[in-house]
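>>> Give me a 3D structure for the following:
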Amino acid sequence: MIDTSFRRWLPTWCGGRRTPESFRRTNSRVSRLAVQYDAEVDAALQRLWPKARIYHDREFTRDRADFLLVVRGRGVMIETKVKSDPGPFRGSTLPPLLDRLQRDGRRLVVLLNQGDPEPARDLVTTKLGDKGRIVVWSGPHHDTELREAVESLLHQTSRHA
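Below you'll find the predicted structure:
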């Protein structure tokens with residue numbers, strides 16, 4: 001369905017930004033889950049790397065990751081994905097981000113709240129090779145997997161810190 005409400009589009013024509021909730025107006029439950037998930041991920045990153053710098057991109061874009069985690073002077077991009085069902089995650093929203101990170105030579109961890117990441121894992125591997133990981137993370141009980149994915153990327157040699 002196309003959003004034809006003039007008052008929702010007018011601010012974007014005048015230089016304003018739309019929020020994720022306004023983009024996903026028909027899926028407000030998913031938007032609320034995404035906001036909550038980002039807060040939980042932020043807390044996990046602070047818990048696992050207390051001395052790290054964490055930058056959260058609060059603007060909704062498809063070609064930039066949600067977080068930049070800088071640990072010991074090295075950066076890893078973190079993209080969060082929320083699924084409302086436990087089915088497979090195909091990664092249909094990832095290509096703009098993967099294309100940009102492939103050009104930039106950056107490292108990426110995709111955090112998925114639930115589901116089977118295998119279909120998207122193939123996509124990430126094709127685009128980023130060993131510079132990309134997908135982790136199912138739904139709380140502190142998955143911290144070990146998150147830590148291993150990020151640390152393995154931090155130890156890689158890259159043209160970007």
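>>> alpha carbons only for contacts and neighbour counts from here, please
Fine.
>>> any residues touching stretch 87-94, and which ones?
Contacts made with stretch 87-94 from outside it, assessed by CA atoms under 8 Å, 6 or more residues apart in numbering, are listed as 62-63, 83, 115-120, 123.
>>> after the helix or strand bottoming out on mean pLDDT in the chain, next one along is what?
Here the helix or strand of the chain ranked lowest by mean pLDDT, DSSP states H and E is helix 20-23, holding a mean of 42. As assigned by DSSP states H and E, the chain's next helix or strand after helix 20-23 is helix 28-48.
>>> In whichever strand or helix holds Asp122, which residues are buried?
Here Asp122 is covered by helix 118-128, with elements defined by DSSP H and E. Residues 120-121, 123-124, 127-128 are the ones in helix 118-128 that count as buried (16 or more other CA atoms under 10 Å).
>>> same thing with stretch 39-48?
Within stretch 39-48, the residues that qualify as buried are 41-42, 44-45, counting by 16+ other CA under 10 Å.
>>> cool, and stretch 59-66?
Of all the residues in stretch 59-66, those buried under the rule 16+ other CA under 10 Å are 64-66.
>>> thinking again about what came up before, out of the buried residues of helix 118-128, which is nearest to Leu101?
Using CA to CA, Leu128 comes nearest to Leu101 of these, at 7.6 Å.
>>> What residues does that closest one make contact with?
98, 101-102, 107.
>>> Narrow those residues to those that are buried.
Listed as buried from the contacts of Leu128 are 98, 101-102, 107; burial here means 16+ other CA under 10 Å.
>>> Mind putting those residues into a markdown table with distance to Arg58 and secondary structure?
Shown next, in a markdown table, are the buried ones among the contacts of Leu128 (distance: CA to CA, whole Å; DSSP: H, G, I helix; E, B strand; the rest coil):
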| residue | distance to Arg58 | secondary structure |
| --- | --- | --- |
| Leu98 | 19 | helix |
| Leu101 | 18 | helix |
| Gln102 | 22 | helix |
| Arg107 | 20 | coil |
